[in-house]
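J.: show me how the following folds:
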Amino acid sequence: MRVHFIAIGGSAMHNLALALYAKGYQVTGSDDTIFDPSKTRLEKKGLLPEAFGWFPEKISNKLDAVILGMHAKADNPELLKAKELDLTIYSYPEFLYQQAQHKTRVVIGGSHGKTTITSMILHVMHYHDREVDYMVGAQLEGFETMVRLTEDADFMVLEGDEYLSSPIDRRPKFHLYKPNIALLSGIAWDHINVFPTYENYVEQFNIFVNEITNGGAIVYNREDPEVKKVVEGSTNPIKKYPYGTPSYQVENGTTLLQTPEGPMPVEIFGKHNLNNLEGARWICQLMGIDADDFYEAIASFSGASKRLEKLAESNNSVAYKDFAHSPSKVKATTRAVKNQYPDRHLLACLELHTYSSLNPVFLTEYKSALDAADTALVFYSPHAVEIKKLQPISEAQIAEAFQRDDLVIFTEPSKFKEYLFSQSMDHTSLLLMSSGNYGGLDFEEVKSLF
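T.: I've put the predicted structure just below:
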């Protein structure tokens with residue numbers, strides 16, 4: 001097959017391009033800019049476009065399909081040419097479904113935890129040499145790409161993102177996968193730029209549950225009231241398996257998970273991650289992995305990329321970087337680090353970086369999100385607010401939203417860095433939460449503090 005990618009440089013898109021190339025497809029693509037690691041990885045396989053930009057002449061009747069990335073605009077010249085020629089145009093999730101329609105599709109959905117749970121499942125399958133196709137939202141240790149597509153695998157494990165499918169398909173991605181087996185980890189309002197009300201956001205999860213194939217199954221987090229309501233209220237004729245957080249204890253900075261064979265040390269920590277682990281165990285069981293084999297494999301799981309990733313550690317201090325940005329993730333991650341190291345001072349730094357987090361209405365959702373921290377710091381860039389064409393936000397609004405009198409707020413990258421590097425890290429846990437980089441902070445430099 002000849003396939004052309006419009007916006008090939010994206011994290012998900014370039015991984016799909018690499019997976020199709022490995023499958024023997026003829027792959028071409030375009031983008032207006034491509035950064036590393038996508039650039040180097042595409043270049044290595046000869047898939048990097050010769051020049052950046054959009055070239056309608058690349059689109060012809062010789063193509064079997066065009067895959068359209070979210071980064072492209074609806075008036076993209078290549079897209080317009082593809083429409084004119086009446087070519088088959090897929091969004092990223094549509095194409096994945098097309099590749100997996102004859103497989104057992106396992107879809108992991110939820111506002112939080114889905115990357116970690118998907119990563120846990122894949123780690124267990126890899127450990128036991130079980131061949132599965134997959135799509136996951138982070139680079140995993142031991143896996144060359146974030147997407148794998150084969151002819152032979154019986155299962156395809158998909159991370160079910162609720163964000164939009166493409167510039168011309170406004171359906172959430174996870175509505176298109178039609179799972180045979182699904183998991184729902186949690187529901188907490190996100191993507192306010194697309195789902196302006198909480199009710200509208202929750203409705204997307206109702207649709208997700210109703211799209212599970214007849215006779216299929218859903219594993220769901222019974223500790224999340226909204227998840228419980230959505231799943232137990234669904235009339236879809238499917239099997240429903242609730243799960244909760246397993247018993248565990250923390251001793252001297254090590255988390256011990258209670259198993260039928262007794263306490264077992266695990267590398268991950270935090271109540272939310274142990275809850276994720278239990279969801280993954282249920283899914284693995286439905287995929288044919290028994291409990292003993294699951295525990296044996298999960299003991300060596302150290303986490304998905306950018307999810308509580310350890311940056312540095314000394315005898316009495318540690319630094320973590322985390323992708324957390326939504327209120328529920330920020331709260332869970334901050335609590336997890338404090339519970340893991342209760343005797344250390346927790347310095348938690350949050351960058352408000354996404355559309356939702358920089359929205360004055362949504363800001364109030366962050367109330368108490370940083371309460372577990374001994375020192376709580378928020379960084380945001382007024383320039384980023386300007387670029388995103390959002391209403392200006394004042395420091396007073398942020399202080400009011402978090403409801404913490406001692407909240408430290410920075411808007412200038414240099415002053416944030418100066419403050420961070422002036423702090424003693426003795427008996428301290430440093431937590432850096434952001435989907436950005438605090439205006440240019442070098443995380444390698446942060447390691448020098450430890």
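
J.: if I look at A297, what pLDDT would I see?
T.: Model confidence at A297, expressed as pLDDT, equals 96.

J.: cool, and the one 4 residues further on?
T.: For F301, the pLDDT comes out at 93.

J.: phi and psi next, for the residue nearest to the spatial centre of the chain.
T.: Against the mean C-alpha coordinate of the chain, by CA atoms, centre = their mean, the closest residue is T115 at 4.6 Å. Note on T115: its backbone torsions stand at phi -60, psi -40 [degrees, to the nearest 10].

J.: ends of stretch 28-48, how far apart?
T.: One end of stretch 28-48 sits 8 Å from the other (CA to CA, to the nearest Å).

J.: now do the same contact list for the residue nearest to the centre of the chain.
T.: Residues counted as contacts of T115 (CB atoms under 8 Å, 6 or more residues apart in numbering) are 136-138, 159, 304, 307. In short, each C-beta sits where N, CA and C put it, glycine included.

J.: just the helices from this protein, written as ranges.
T.: Along the chain, the stretches classed as helices by DSSP state H are 11-22, 38-44, 77-84, 92-100, 114-127, 198-210, 225-232, 271-286, 291-298, 327-340, 382-387, 395-402, 413-422, 443-446.

J.: of these, which is nearest I181?
T.: Closest approach to I181 among those (CB to CB): helix 271-286, 5.4 Å.

J.: what angle sits between that closest one and helix 327-340?
T.: 100 degrees (axes from the mean of the first three to the mean of the last three CA atoms, to 10 degrees).

J.: contacting residues around helix 271-286?
T.: Outside helix 271-286, the residues within contact range by CB under 8 Å, 6+ apart are 106, 108, 112-113, 116-117, 120-121, 124-125, 181, 183, 185, 217, 219, 221, 223, 241, 243-246, 248, 255, 257, 266, 268, 291, 294, 298, 303, 308, 332-333, 335-336, 339.

J.: and the residue of the chain most remote from its centre, what is it in contact with?
T.: No residue in the chain has its C-alpha farther from the mean C-alpha position than N61, which lies at 36.0 Å (CA atoms, centre = their mean). Applying CB under 8 Å, 6+ apart to N61 gives the contacts 85, 87.

J.: okay, L183: pLDDT?
T.: So L183 comes in at 98 (pLDDT).

J.: repeat that for V385.
T.: Model confidence at V385 (pLDDT) stands at 81.

J.: residues near the closest residue to it other than its chain neighbours, how many?
T.: Counting by CB to CB, 6 or more residues apart in numbering, V385 lies nearest to L358, which is 5.3 Å off, once chain neighbours are set aside. Neighbour count of L358, defined by other CB atoms under 10 Å: 22.

J.: which neighbouring elements make contact with the helix-or-strand element of the chain with minimal mean pLDDT?
T.: Sorted by mean pLDDT, DSSP states H and E, the helices and strands of the chain end with helix 382-387, the least confident at a mean of 81. With contacts defined as 3 or more CB pairs under 8 Å, 6 or more residues apart in numbering; DSSP states H and E, helix 382-387 has no packing partner among the helices and strands.

J.: of the contacts of helix 271-286, grab the buried ones for PyMOL.
T.: Listed next is the PyMOL selection for buried residues among those, using 16 or more other CB atoms under 10 Å:
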select buried, resi 106+108+112+113+116+117+120+121+124+125+181+183+185+217+219+221+223+241+243+245+248+255+257+266+268+294+298+303+308+332+333+335+336
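
J.: run me through the strand neighbours of the longest strand belonging to the chain, direction for each.
T.: Longest strand in the chain, counting residues (DSSP state E): strand 345-352. Strand 345-352 sits in its sheet next to strand 375-380 (parallel), strand 428-433 (parallel), going by DSSP bridges.

J.: any chance of a markdown table for these, columns mean neighbour count, distance to G53 and mean pLDDT?
T.: Below are the strands paired with strand 345-352 laid out as a markdown table (neighbours: other CB atoms under 10 Å; distance: least, CB to CB, whole Å; pLDDT from 0 to 100):
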| stretch | mean neighbour count | distance to G53 | mean pLDDT |
| --- | --- | --- | --- |
| strand 375-380 | 22 | 33 | 97 |
| strand 428-433 | 24 | 35 | 98 |
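
J.: can you redo the ones you listed as a markdown table with distance to A72?
T.: Listed next are those as a markdown table, based on distance: least, CB to CB, whole Å:
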| stretch | distance to A72 |
| --- | --- |
| strand 375-380 | 28 |
| strand 428-433 | 30 |
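
J.: out of those strands, flag the one nearest A324.
T.: strand 428-433 (4.3 Å).

J.: chain center to stretch 166-184, what's the gap?
T.: 15 Å (CA atoms, centre = their mean, to the nearest Å).

J.: what about it, how long is it end to end?
T.: End-to-end span of stretch 166-184 (CA to CA): 23 Å.

J.: go on, stretch 305-325?
T.: With CA to CA as the measure, what separates the two termini of stretch 305-325 is 15 Å.

J.: quick check: buried residues in that stretch?
T.: In stretch 305-325, counting by 16+ other CB under 10 Å, buried: 305-309, 311-312, 317-325.
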